[in-house]
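Asker: Give me a 3D structure for the following:
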Amino acid sequence: MQNSERLSLEQIRAFLEASDEVHFAATNKQEVYDWVGRTLVGQEYASLVREGKGLVRRYLAKMTGLSRAQVTRLIAQYRECGEVRAKAYRRRRFASRYTSADVALLAEVDEAHQTLSGPATQKILQRALYDFGDQRFERLAEISVAQVYRIRHSRPYRRQHFVYQPTRPTAVNIGQRRRPDPRGKPGYLRVDTVHQGDEVEGGGKGVYHINAVDEVTQWEIVAATPYISEAWLEPILAAMLEQFPFQIHGFHSDNGSEFINHTVAKLLKKLLAEQTKSRPRHSNDNGLVEAKNGAVIRKHMGYSFIAPDHAQAVEQFYEQHFNPYLNFHRPCGVPEIETTLKGKVKRRYRWYATPWEILRQLPDLARHLKPDVTSESLEQRAGALNDMESARQMQQAKKALFLNFQHRRSA
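Answerer: This next block holds a predicted model:
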């Protein structure tokens, strides 16, 4: 807003009564504070009557998004010193117990011993002082194991002239170990891979199926890839997520490196989707998609070896025939969760419906769909074929696909 700090009181009153959510676009806090100061000066805040001061306060709060208490503090600062400025942040710091010489000495010990574990390094530091009388280790001899690791991760330690090799690989800090909680909202996917067997002669790996199932609606998208590496998975996953009609909020998988990597994490970050992974000793964390692996993929694709050069043909079959059949014409059991008096959770399946029917039943459906998808377009796709026609077309396409496998194999 041009010259927004120079509006008259009548213009400010009209703005507050008529405008929607409008905020002052600032790149940092100091820019907001500078604008607040210019506005108070331009309005001659100190000379205004009570009603005028109230209008200016409301105007500042609406434009900046600051709370009433924050606006009051800024005005008090302006009245006290004639300007509004951000206070410099001063972090409270404890006095360093270990000097740069101690850090360099620890780096020297790690270089000599090839970076042993924390307890072993602690023992060496103690022996250096108490057994061998080296006074340079006076402070390091009292160091804790946790502090050894903290120093090893510090910047001064890493600047030392030696190659630091940890004794054990650190855990991959991608995804949270927890079970997602969609709370009745679609867009929380369970993802898994299914390997289509090994070649009997030669031991080659078969095609890989990627299975993604929405937890709430059971909307299922299946894809195929010849290899499971990050370079192959990135375009496949992007195409799969594009096929879901609703916005993606969560992506849950097991701890395999095909999904727990920076490539997938970057893809999900663009979609603002959280990434979670299964917890140890919780075999049911990814149970939904694992059940679909057997009931859907294995049932239709079998267990026989399919060469990876067929992956493109399988992917086309999935996208054109199989996925529409699964989501618009194949009913799924919808669980009703009951908890007994003893705390045991039971699932009863009294209602069977297609994923589209489940999605259609959700309240405020339009809010969950992607901007370019409407319920009318989905209803049109669902009504284009009846269940038998869709199933027959899918089976014919699958039969042609498997005949192509046999033809290529015999040739």
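
Asker: Show me the contact partners of stretch 378-396.
Answerer: The set of residues external to stretch 378-396 that reach it, using C-beta atoms under 8 Å, 6 or more residues apart in numbering, is Pro245, His321, Phe322, Pro324, Tyr325, Phe328, His329, Arg330, Thr354, Trp356, Leu359, Arg360. Just so you know, the C-beta spots here come from the backbone N, C-alpha and C atoms, and that holds for glycine as well.

Asker: what sits against the first one?
Answerer: In other words, Pro245. Pro245 touches Trp219, Leu359, Leu369, Lys370, Val373, Leu378, counting by C-beta under 8 Å, 6+ apart.

Asker: which one of the contacts of stretch 378-396 is nearest Tyr157?
Answerer: Nearest to Tyr157 among the contacts of stretch 378-396, counting by C-beta to C-beta, is Pro245 at 51.1 Å.

Asker: Domains in this protein, by residue range?
Answerer: Domain ranges of the chain: 4-81, 100-158, 176-410, per automatic domain parsing.

Asker: Output those domains as a markdown table; include the columns distance to Lys87 and mean pLDDT.
Answerer: Below are the domains of the chain laid out as a markdown table (distance: least, C-beta to C-beta, whole Å; pLDDT from 0 to 100):
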| stretch | distance to Lys87 | mean pLDDT |
| --- | --- | --- |
| domain 4-81 | 9 | 79 |
| domain 100-158 | 27 | 86 |
| domain 176-410 | 33 | 88 |
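
Asker: Arg93: which of those is closest?
Answerer: Among these, domain 100-158 sits nearest to Arg93 (C-beta to C-beta), with 13.9 Å.

Asker: So which residues of this protein form strands?
Answerer: Remark: strands assigned in the chain by DSSP state E are 176-177, 188-195, 208-214, 220-225, 250-253, 274-277, 332-339, 345-353.

Asker: Between those, which one is closest to Trp35.
Answerer: strand 274-277 (34.7 Å).

Asker: Kindly export the closest one (C-alpha atoms) in PDB.
Answerer: Taking C-alpha atoms only, strand 274-277 is exported to PDB below (Å, rounded to 0.1, in the frame of the first residue of the first chain):
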ATOM      1  CA  GLU A 274       5.000 -34.200   6.200                       C
ATOM      2  CA  GLN A 275       7.100 -37.400   5.900                       C
ATOM      3  CA  THR A 276       6.800 -40.100   8.600                       C
ATOM      4  CA  LYS A 277       8.300 -43.600   8.800                       C
END
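
Asker: Rebuild the domains of the chain as CSV, extending it with distance to Arg93.
Answerer: Listed next are the domains of the chain as CSV, based on distance: least, C-beta to C-beta, whole Å:
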stretch, distance to Arg93
domain 4-81, 22
domain 100-158, 14
domain 176-410, 30
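
Asker: Okay, buried residues for stretch 343-355 please.
Answerer: Under the neighbour-count criterion of 16 or more other C-beta atoms under 10 Å, stretch 343-355 has Ala353, Thr354, Pro355 buried.

Asker: my read: the last one touches Ile221, true?
Answerer: Pointing back at Pro355 there. No - at 10.2 Å, Pro355 does not count as touching Ile221 under the criterion of C-beta atoms under 8 Å.

Asker: Of all residues in this structure, which one is nearest the centre?
Answerer: Glu274 (2.3 Å; C-alpha atoms, centre = their mean).

Asker: For the residue lying closest to that one once chain neighbours are set aside, list each beta-bridge partner.
Answerer: Nearest residue to Glu274 in three dimensions, chain neighbours excluded: Gly250, at 5.2 Å (C-beta to C-beta, 6 or more residues apart in numbering). Counting by DSSP bridges, Gly250 is bridged to Tyr188, Glu274.

Asker: what about the residue located most distally from the centre of the chain, distance to Ala141?
Answerer: Residue farthest from the centre of the chain, counting by C-alpha atoms, centre = their mean, is Gly133 at 52.7 Å. As judged by C-beta to C-beta, to the nearest Å, Gly133 and Ala141 stand 11 Å apart.

Asker: same check, this time on Glu242
Answerer: 60 Å.

Asker: more crowded one of the two?
Answerer: Ala141 (17 against 10; other C-beta atoms under 10 Å).

Asker: The more buried one contacts Leu125, doesn't it?
Answerer: Yes - assessed by C-beta under 8 Å, Ala141 is found in contact with Leu125 at 5.3 Å.

Asker: ok so, going back, Serialize the contacts of stretch 378-396 to TSV and add fields for distance to Gln396.
Answerer: TSV is the format used below for the contacts of stretch 378-396 (distance: C-beta to C-beta, whole Å):
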residue	distance to Gln396
Pro245	26
His321	9
Phe322	12
Pro324	14
Tyr325	12
Phe328	17
His329	15
Arg330	16
Thr354	21
Trp356	22
Leu359	27
Arg360	28
